[in-house]
Every structure is written in structure tokens, then in C-alpha cells.
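Visitor: From the sequence below, what's the structure:
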Amino acid sequence: MEIQTLSQPTLSSHLRALSALIRKDWKQYWRYPLNAVSSVFQPLIWIAPIYFMGLAFSVNGKAIGFSQYSGTTDFMSFILLGTVLENFINAVFWGMGYALKNDMDSGVMESNWLTPIPRLLILVGHSVTNLLVTMITSAGMLLFGGLLFGFHASGDVFRAFIPIIPMMLGLYGFGFAFAAVVMLLREANALVDMSSFLVQIFSGSNFPVNALPKFLLPIALALPLTYGLDAIRHYLIKTQTIVSIQLELLLLVIFMFVMLWIGITTFRSLEKRVRTLGTLGQH
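Guide: Purely as a prediction, here's the structure:
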């Protein structure tokens, strides 16, 4: 009889560890059901003033000025879709960066790091639960948001998944690098809030990026999320794209590989630095 030991990592042992991380975070999240419910309705409350302001500037229910920038008069579907995608951005930021900070504060960071599990797998495990929860809450947002404000996905829903895959993988690369910075500085709240806010602003989650001042536009065009959000909106609500849709998809694939390489390299480098400084378990 062959005896398997956990000290010799295998693919199956990694999958078991990933499953354990997901189950643990899943149970913790749903332990507070009111928090789960609020995550559906809070974003809708935030964008409600935008809806009424948009109506005030509309002519016969159509935002003519908005259509000059986006190619659609349906400003609320544009914003609601951006808010949903914004949730996935936050899921990676909070799922990776803040999860490490929680481990530091609870004193389990060092013990987790001593296990024969790849560090990046731990980060992925923490973020998967956030992504699963975000999928559920986002579906609720689209349902209730559609009833309250109207959401009209007149495009091809299945083709919209084409840009989602490279965008999310590229976002993971960004999340790896961000988690490493959190680990080094031992501060998550301010970093997560500021970074996620800036990324959402410059990627155009709630407005067309071509409405930005010209000196800020290069920053937006340097972010892979800009092209991801733009392509998804194009497929779902038929907005006009910044560049051709074929070029956007190509840029997303390139950014995906570049961001994953940068994220993994940065994480390993800063992790080595933290272990050298001996600050891994500090907070």
C-alpha cells in the first residue's frame, strides 16, 4: 500500500488545500447574512442619485449628450453594468490584499506560510470565495437594478465572456503584486480603498473614458481593465469602442500575460524581502 504524505505536495493536495480555503471563507461570509444582503442593495442605493440626475439631463428619456461619448442613450444600463464589473475588481483587491492583512492581524500568517502550499495558491483561494459571492450578488443587482432602473442587454451575452476571461486573469496578476505590497507595508485598508478607487475611475467603470481630460486619458489607456470594460459593454449593450474590438481583445490577451508575469515576479521578490526583514508575522 502506497502511503501519501502531505509534506510532498501534489496536484491533488493543492486542490484539497484550495477547496479548504474556499470552504472556510465561504462559511465565514455567510455567517453574517445581513452583510450579504446589503452587498446587493448598497451599490443600487449609491447609483440611485445618478439615475435621477441622468433623467433630469435627458430629453424624452434619452441622454443625447451621453450618447456622443458612449454610442448609447441608455446611460443607466451603462452605469449598472459598470457597477457590477466594479464589484469583481473589488473582489480581487479585497480578496487578496485584505485577506493577507486579516491573517497578519489574527496571527496565522506565519503558520500558513509554513505549510507546503504555494503562496500564490493561498491568495487565489482567498479570492475565489469573493468572486463566487460577487457572482451571486451581481446577479441580484442586475435583477433588482433592472426592475428599479431598467437594464437592457440587447447584445450577445455569450460573446461578452470573451473579454471577461483575459481581463480577470490580468486582474489576478495585478492582485498578486498588490498583495505583496500589502505584505510589505502591513497596511491594507487605505491601500485597497485608494487603489481600487483609482483603478475604477481611470478604467471608466461609471462613465466613458473618453470623457476624461486629455492629459489623463493615457493613464486610462494603459490599464487593461479599460479595454475589458469597454469590450464587455460593446457586446452587451452595443456601445462604441475606444479602438476596434479586435484590437481590444488582442490588447487584453497581451496585458493578461504581462500582468501575470509582473504580478508573480513582484510577489516572489517582495515575499523574499519580507522574510529577510523578519516582518512576516508583524502587523
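
Visitor: What count of nearby residues applies to the closest residue in space to residue 41 that isn't next to it in sequence?
Guide: The shortest distance from residue 41 to any non-neighbouring residue, by C-beta to C-beta, 6 or more residues apart in numbering, is to residue 144 (7.2 Å). (Each C-beta comes from the backbone N, C-alpha and C, glycine too.) As a burial measure, residue 144 scores 14 neighbours (other C-beta atoms under 10 Å).

Visitor: so how far is stretch 179-189 from its chain's centroid?
Guide: Its chain's C-alpha centre and that of stretch 179-189 lie 17 Å apart, by C-alpha atoms, centre = their mean, to the nearest Å.

Visitor: for stretch 256-272, same thing?
Guide: Distance, stretch centre to chain centre, for stretch 256-272: 17 Å (C-alpha atoms, centre = their mean).

Visitor: who's in contact with stretch 231-240?
Guide: With contact meaning C-beta atoms under 8 Å, 6 or more residues apart in numbering, stretch 231-240 is reached by 70-72, 74, 77-78, 81-82, 85, 152-157, 159-160, 162-164, 167, 208, 230, 241, 245, 248-249, 252.

Visitor: Tell me the buried residues in it?
Guide: For stretch 231-240, the neighbour count (16 or more other C-beta atoms under 10 Å) marks 231-237, 239-240 as buried.

Visitor: Please apply the same query to stretch 51-61.
Guide: For stretch 51-61, the neighbour count (16+ other C-beta under 10 Å) marks 51, 54, 58 as buried.

Visitor: got it, and stretch 85-103?
Guide: 85-101, 103.

Visitor: What ranges in the chain fall below the confidence cut-off?
Guide: 1-7, 61, 187-189, 279-283 (pLDDT under 70).

Visitor: How about the contacts made by the most centrally placed residue in it?
Guide: The residue lying closest to the centre of the chain (C-alpha atoms, centre = their mean) is residue 89, at 1.7 Å. Taking C-beta under 8 Å, 6+ apart, we find residue 89 in contact with 171, 196, 199-200, 203, 205, 225.
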